[in-house]
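A.B. asks: Generate a structure from the sequence data that follows.
(one chain, ligands or ions: 1)
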Amino acid sequence: MNIGALGPAGSYSQKAVDEWSKSRHVTSLEIVYYQDIQDVFESVQDRTVDAGIIPIENSIEGSIGITLDQLLESSVVIVGEVVVPIQHCLLSKGTLDDIRIILSHPQALAQCRQFLKSNFPNTEIRTTGSTSHAAKLSNEFAEMAAIASRESADKYGLEILITDIQDKKNNHTRFIVISSPDLSEEIKNITADLITPDGPDYRTSIIVYIEKDSPGALYTILGEFASRDINLTRIESRPSKKGLGDYVFYIDLNGSINEKDIKEAIDGVAMKVKNIKVLGSYPIHHYPEQTDN
Ligand SMILES: O=C(O)C(=O)Cc1ccccc1
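C.D. replies: Below is the predicted model of the structure:
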């Protein structure tokens with residue numbers, strides 16, 4: 001099996017692949033690296049790769065817009081998730097005094113905003129396609145530094161100048177595993193040995209589009225879940241891109257579409273909204289939370 005992820009090697013996406021394959025006992029997984037998230041979606045959709053892994057939300061910075069947009073626009077489904085602790089380091093070939101330019105992925109830069117403002121207020125900041133790409137580029141000039149993982153330092157011959165530079169110690173990114181709909185059962189079967197019978201260990205993700213100016217519509221939708229005691233773990237609105245004030249809602253809930261009450265709730269929602277897309281039911285990744293901030 002192969003899986004597409006943001007590269008080059010040393011990215012947090014690679015960590016997510018490693019963590020997911022370990023937690024699901026998937027052996028012999030080959031990673032195919034891409035330059036951006038949209039390329040991962042496209043390769044999954046046209047089946048150049050069997051699956052893809054992409055970041056969807058971060059505990060400091062919130063959702064990754066391009067991932068939410070692609071989930072709406074493409075035909076891929078979600079078959080898994082994994083949460084990865086993110087501890088950024090400042091890496092360079094030079095010393096702290098040499099640094100003139102700091103490079104990283106926009107998410108990583110945003111997660112270290114206070115650190116940068118306090119320590120490098122006048123240093124030029126440049127964005128890259130990934131943190132590992134920033135590390136790779138920094139290998140060329142001593143005046144460049146990258147915000148990236150500890151592992152990227154080894155991989156690209158850089159020194160770790162400062163560790164744990166994200167603005168909150170407790171920093172996690174949730175990644176989702178995606179596939180084309182016709183491969184989703186196969187991928188779920190590969191990992192099936194660990195999957196408990198359908199129950200609270202599953203999460204289901206849906207997108208609903210409520211027509212603009214429909215008073216009480218969101219209340220009615222949420223009622224379908226509340227009346228059946230279904231726990232929602234996330235609700236997020238995103239512009240529908242049709243005009244200001246028009247939104248789609250991304251909803252995650254505990255349980256699998258194979259359970260009767262979940263299916264009934266989703267059917268109930270479908271009758272009340274303009275459009276609904278079920279992205280999939282997949283095993284929840286339980287991870288140890290850090291408490292010190
Ligand atoms: O750039 C990377 O390494 C990624 O995989 C994207 C990302 C960036 C920052 C935090 C988590 C994931």
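A.B. asks: near the ligand, which residues of this structure?
C.D. replies: 6, 11-13, 55, 86, 105, 107-108, 130-132, 173 (Cβ under 6 Å from any ligand atom). All C-beta atoms are positioned from the backbone trio N, CA, C, and that covers glycine.
A.B. asks: which among those residues end up buried?
C.D. replies: 6, 11-13, 55, 86, 105, 107-108, 130-132, 173 (16 or more other Cβ atoms under 10 Å).
A.B. asks: mind checking the SS state of the residue in the stretch 151-293 of the chain that the ligand sits nearest to?
C.D. replies: Per Cβ to the nearest ligand atom, residue 173 is where the stretch 151-293 of the chain lies closest to the ligand, at 4.1 Å. Classification of residue 173 using DSSP: H, G, I helix; E, B strand; the rest coil returns strand.
A.B. asks: For it, which non-adjacent residue is spatially closest?
C.D. replies: Leaving out its chain neighbours, the residue that sits closest to residue 173 by Cβ to Cβ, 6 or more residues apart in numbering is residue 58, at 4.6 Å.
A.B. asks: Now residue 136. Nearest residue, chain neighbours left out?
C.D. replies: Nearest non-adjacent residue to residue 136 (Cβ to Cβ, 6+ apart): residue 156, at 5.2 Å.
A.B. asks: show me what contacts that neighbour?
C.D. replies: 10, 91, 132, 135-136, 138-139 (Cβ atoms under 8 Å, 6 or more residues apart in numbering).
A.B. asks: Just send the buried ones among the residues of the chain next to the ligand back as a markdown table, with secondary structure and pLDDT too.
C.D. replies: Converted to a markdown table, those look like this (DSSP: H, G, I helix; E, B strand; the rest coil; pLDDT from 0 to 100):
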| residue | secondary structure | pLDDT |
| --- | --- | --- |
| 6 | strand | 97 |
| 11 | coil | 97 |
| 12 | helix | 97 |
| 13 | helix | 98 |
| 55 | strand | 98 |
| 86 | coil | 97 |
| 105 | coil | 97 |
| 107 | helix | 95 |
| 108 | helix | 97 |
| 130 | coil | 97 |
| 131 | helix | 98 |
| 132 | helix | 98 |
| 173 | strand | 97 |
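A.B. asks: related to what we said a few turns ago, surely the residue of the stretch 151-293 of the chain closest to the ligand meets residue 12?
C.D. replies: Yes: using Cβ atoms under 8 Å, residue 173 makes contact with residue 12 at a distance of 6.4 Å.
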